[in-house]
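Enquirer: kindly return the folded structure for what I paste below:
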Amino acid sequence: MSRTSAPAEPAAVDSPPEGGTPVTDVPLTHGLKQRHLSMIALGGVIGAGLFVGSGAAIAAAGPSIIVAYAISGLLVMLVMRMLGEMSAANPASGSFSVHAERAIGPWAGFTAGWAFWFLLCVAVGLEAIGAAKIVTGWLPGVPEWSMVALFMLVFCLTNLAAVKNFGEFEFWFAALKIGAITLFLVIGLLAILGLLPGTDSPGLTNLTGQGGFLPNGSEGLIVGLLASVFAYGGLETVTIAAAESEHPVQGVAKAVRTAMWRIAVFYIGSMAVIVTLIPWNSESLAGGSYVATLEHLGLPAAGEIMNVVVLIALLSAMNANIYGASRMACSLVARGQGPKGLGRISGGVPRVAVLTSSVFGFLCVLLSYWRPDDIFMWLLNMIGAIILVVWFFIAVSQLVLRRRLEQEAPERLAVRMWAYPYLTWAALAGIAAVFLLMAREEGTRVQLYYTGGLVVFLAVVGYAHQRMTAGPATAAAVAGAPAPAPAGTPAAAEPTAEAAEPATEPAEPTAAATVPAARKAQNAEKAEKAGAEAAAKPAKAED
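Expert: Residues are numbered from 1 along each chain as shown. From the prediction side, this is the model:
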C-alpha cells in the first residue's frame, strides 16, 4: 500500500525488485500538512551552519569563498537530487538508511542510520550550547546550563506530542529565517548598488583588493571548501519528514526541484554580499559575518537583530534534529536493527526514541562542561565527516536502485537524477575528493580518523548482526541469490531473515503466516501492484 494511504496502515513494506529483501519501515501518522513540508524544505536550507562559522571560512578563503560555496553547493544539489529520487519512489521515515539497506544490505542501513543518529544527537547538544550563549549574553546573571536545560525540555516536549506540533514550530521558525535572510540579501544588494541611504557602492574593491580574489591561494580555498561542505548539513531532514506528510511523493518532488535556487540564493548569494561589502580580513568577521556586515553598513541594532535570527536558526536546528534522530532510531528498530524498546510508538509518536535522543544530546552538553578536553572533543571529531559518509551511501544506493526501478517499476520515478549514471559517478568522485582534502589538512585529518573509526565499528557490528539474524539464506540473498520469500511479504521483526518461516515472526502485523502459500503470493502481488500505482499517482515523472 502507498505511503499516501490512511494512517491506519500498520507499516510501509517495500518490496525490492530482483528478489531483494523486504524492508519494513516504522508505522507513523501522516500529521504533517503540505505547508509544513514546504516550509521545512525551505527553512531546512537555512541551517545554523549558514550563520555560525562562515566568518572563519571567509577569513581562510577570502573572496574565493563564493567559489567554495558554489562547488560544495553543486555537490549538495546532486546528493539531494539522488536522495529525492529514491525518497519519492519509496517514502520512508528511515530515508537513506532504508535505501542503503535495500541497495547494499542490512549492514549498510545499520551503519548509515546509527551514524546519522549519533551525528544529530551530538548536534542537538552543540546547538543548545550555542543558543544558551546568546541568551546568557542578554541575561548575564542566568547560568548557561539552565538555558540549555530549558531549550532541551521545550523541544523534547514538542516532539513528544503529535508530529503536527513539530511541523508548526518548524513552519514559523522557517518563516522567520526566510524573512530574515531575504531582508539581509535585499539590504546587501541595495548597498552594493549604492542605493542604500548613507552608503556608497564599494564596487569591486573588496573582491580584488586586500590580496586579490584568492588571497591565501589554493590552500585557503580548500579550507573554505571544507568549511562550506559541512554548512549544508541538515537538508536530509525533509525526506524523513516527508514520510509523515499527507502527500510524501509530491512533497519530496517539490523540495528537490527547488533545491537549486534555494542553495544558490541563500548560501552563495549571502557569501557574495558579505565579501563584496566588507573586507575579507576584517577582524569584525570573527564575531559573525552577518552581524559584521550589517554593523559595517551602520544599521542601528543590527547586531542584536542578527543574534535573534541566529538564535532562531539554532533552536530550529535543535527541534529538527531531535525529530530526525527519533525517527531514524525508530525506523532502525522497526527493521530489527536496534533495541525493541526504543521503537515503542504511542499516539503515532516514537516517544521512547524522542526521550533517548534528547537525553543523549543533553549528556553531550554535560560532557562539554565536565570533560571538555577529551571526551567532548572525541565526540566532535567523530561527527566531523559523518555527513560525507551519509552522502556516500546515498550515491551508491541511487546507483543501484535507479537501475532496479527502471526495470521493475519505472512509473515510480517521480523525480529523476540528471544524466544518470554519469552525474552519480561525478558526485561519488566529488565526495572522494573531499575525503582526500580532509586527509591533507592537519585540522581535519583527525576528524577523518575518528569518523572512520566510528563508521568501521558500526559496519562491523551491523554485518555481524546481519549474519546472526539472517542466517546463510539471507547472506546468499545479499550476495545476489534470489530470495525464497515472496516479494512484498512483511517481516517487521526480522526484515532480512528471508529463510525464516513466517510463523516464527511474532511482530508480523498480519496473519499472513496462516494462509496458504498460493494466497500469500497472490496477495503480495496485488499489494505490490497497488503500491506502484499509488506511488506514481501523486507526482508526474520529471526528467
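Enquirer: for Val352, which non-adjacent residue is closest in space?
Expert: Using C-beta to C-beta, 6 or more residues apart in numbering and skipping the chain neighbours, the partner closest in space to Val352 is Arg344 (4.8 Å). The way it works is simple: take the backbone N, C-alpha and C, and place the C-beta from them, glycine included.
Enquirer: that neighbour contacts Arg351, correct?
Expert: Yes: using C-beta atoms under 8 Å, Arg344 is in contact with Arg351, at 7.2 Å.
Enquirer: and the residue nearest to the spatial centre of the chain, what is it in contact with?
Expert: For the chain, Glu236 is the residue whose C-alpha lies nearest the centre (C-alpha atoms, centre = their mean; 2.6 Å). Counting by C-beta atoms under 8 Å, 6 or more residues apart in numbering, Glu236 touches 83, 95-96, 116, 324, 390.
Enquirer: can I get these in TSV with pLDDT and secondary structure?
Expert: Below are the contacts of Glu236 laid out as TSV (pLDDT from 0 to 100; DSSP: H, G, I helix; E, B strand; the rest coil):
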residue	pLDDT	secondary structure
Leu83	94	helix
Ser95	92	coil
Phe96	95	helix
Phe116	95	helix
Gly324	91	helix
Val390	96	helix
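Enquirer: most surrounded residue in these?
Expert: Ser95 (32 neighbours; other C-beta atoms under 10 Å).
Enquirer: I figured it hits Ala88, correct?
Expert: No: using C-beta under 8 Å, Ser95 makes no contact with Ala88, being 11.6 Å away.
Enquirer: what's around Pro410, how many residues?
Expert: 13.
Enquirer: retrieve the pLDDT associated with it.
Expert: What the model reports as pLDDT for Pro410 is 93.
Enquirer: next up, the contacts around Gln109.
Expert: For the record, residue 109 is Gly, not Gln. 23, 94, 97-98, 100-102, 332, 335, 337, 462.
Enquirer: on that earlier part again, greatest separation within the contacts of Glu236: which pair is it?
Expert: The span of the contacts of Glu236, defined through C-beta to C-beta, is set by Leu83 and Gly324 at 13.4 Å.
Enquirer: got phi/psi on the residue nearest to the centre of the chain?
Expert: phi -70, psi -20 (degrees, to the nearest 10).
Enquirer: that older thread, so Arg344 and Arg351 - more neighbours on which side?
Expert: For Arg344 versus Arg351, the count of surrounding residues by other C-beta under 10 Å is larger for Arg351: 18 against 13.
Enquirer: for Arg81, which non-adjacent residue is spatially closest?
Expert: In space, Arg81 is closest to Met417, 5.3 Å off (C-beta to C-beta, 6+ apart).
Enquirer: circling back: now, which of the contacts of Gly109 lie within helices?
Expert: Counting by DSSP state H, the contacts of Gly109 place 97-98, 100-102, 332, 462 in helices.
Enquirer: could you dump the residues you listed into JSON lines and include pLDDT, neighbour count and distance to Ala429?
Expert: Formatted as JSON lines, the ones in helices among the contacts of Gly109 follow (pLDDT from 0 to 100; neighbours: other C-beta atoms under 10 Å; distance: C-beta to C-beta, whole Å):
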{"residue": "Ser97", "pLDDT": "96", "neighbour count": "31", "distance to Ala429": "23"}
{"residue": "Val98", "pLDDT": "95", "neighbour count": "32", "distance to Ala429": "25"}
{"residue": "Ala100", "pLDDT": "97", "neighbour count": "28", "distance to Ala429": "19"}
{"residue": "Glu101", "pLDDT": "96", "neighbour count": "34", "distance to Ala429": "24"}
{"residue": "Arg102", "pLDDT": "95", "neighbour count": "26", "distance to Ala429": "24"}
{"residue": "Leu332", "pLDDT": "95", "neighbour count": "27", "distance to Ala429": "30"}
{"residue": "Gly462", "pLDDT": "95", "neighbour count": "22", "distance to Ala429": "26"}
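Enquirer: need those residues in TSV with distance to Gly62, can you?
Expert: Converted to TSV, the ones in helices among the contacts of Gly109 look like this (distance: C-beta to C-beta, whole Å):
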residue	distance to Gly62
Ser97	39
Val98	42
Ala100	38
Glu101	43
Arg102	44
Leu332	43
Gly462	43
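Enquirer: now, among these, which is nearest to Gly188?
Expert: Using C-beta to C-beta, the ones in helices among the contacts of Gly109 come closest to Gly188 at Ser97, 39.0 Å.
Enquirer: do I have it right that the closest one meets Gly113?
Expert: Yes: the pair Ser97 and Gly113 passes the contact test of C-beta under 8 Å, sitting 3.4 Å apart.
Enquirer: what touches both of the two?
Expert: In contact with both Ser97 and Gly113: 328, 331-332, using C-beta under 8 Å, 6+ apart.
Enquirer: TSV for the residues you listed, including distance to Gly209?
Expert: Converted to TSV, the shared contacts of Ser97 and Gly113 look like this (distance: C-beta to C-beta, whole Å):
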residue	distance to Gly209
Met328	47
Ser331	52
Leu332	53
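Enquirer: nearest to Ile58, of these?
Expert: Met328 (32.9 Å).
Enquirer: now do the contacts for Thr276.
Expert: Counted by C-beta under 8 Å, 6+ apart, Thr276 has contacts 188, 192, 202, 204, 206-207.
Enquirer: derive a PyMOL selection command for the buried subset of those residues.
Expert: With 16 or more other C-beta atoms under 10 Å as the criterion, this PyMOL line picks the buried residues out of those:
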select buried, resi 188+192+202+206+207
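Enquirer: of all the contacts of Thr276, which two lie farthest apart?
Expert: Most distant of the contacts of Thr276, by C-beta to C-beta, are Gly188 and Leu204, 15.2 Å apart.
Enquirer: ranges for the helices of the stretch 101-250 of the chain?
Expert: Assigned helices in the stretch 101-250 of the chain, in chain order: 106-138, 144-160, 163-192, 205-208, 217-231, 237-242, 248-257 (criterion: DSSP state H, counting those that start in this stretch).
Enquirer: buried residues in the first one?
Expert: The reference is to helix 106-138. 106-132, 134-136.
Enquirer: can you give me phi and psi for Pro197?
Expert: phi -60, psi 130.
Enquirer: oh, I was asking about Ser346
Expert: phi -130, psi 120.
Enquirer: okay, and the beta partners of it?
Expert: Val349 (DSSP bridges).
Enquirer: I'd say Phe118 and Ile383 touch.
Expert: Yes: look at Phe118 against Ile383 with C-beta under 8 Å: they come within range, at 6.8 Å.
Enquirer: tally of neighbours for Phe84?
Expert: Residue 84: Gly, not Phe. Neighbours around Gly84, by other C-beta under 10 Å: 26.
Enquirer: now stretch 104-115: mean pLDDT?
Expert: In the prediction, stretch 104-115 has an average pLDDT of 96.
Enquirer: sorry, that was for stretch 218-230
Expert: On average, stretch 218-230 scores 88.
Enquirer: again with stretch 420-436
Expert: 96.
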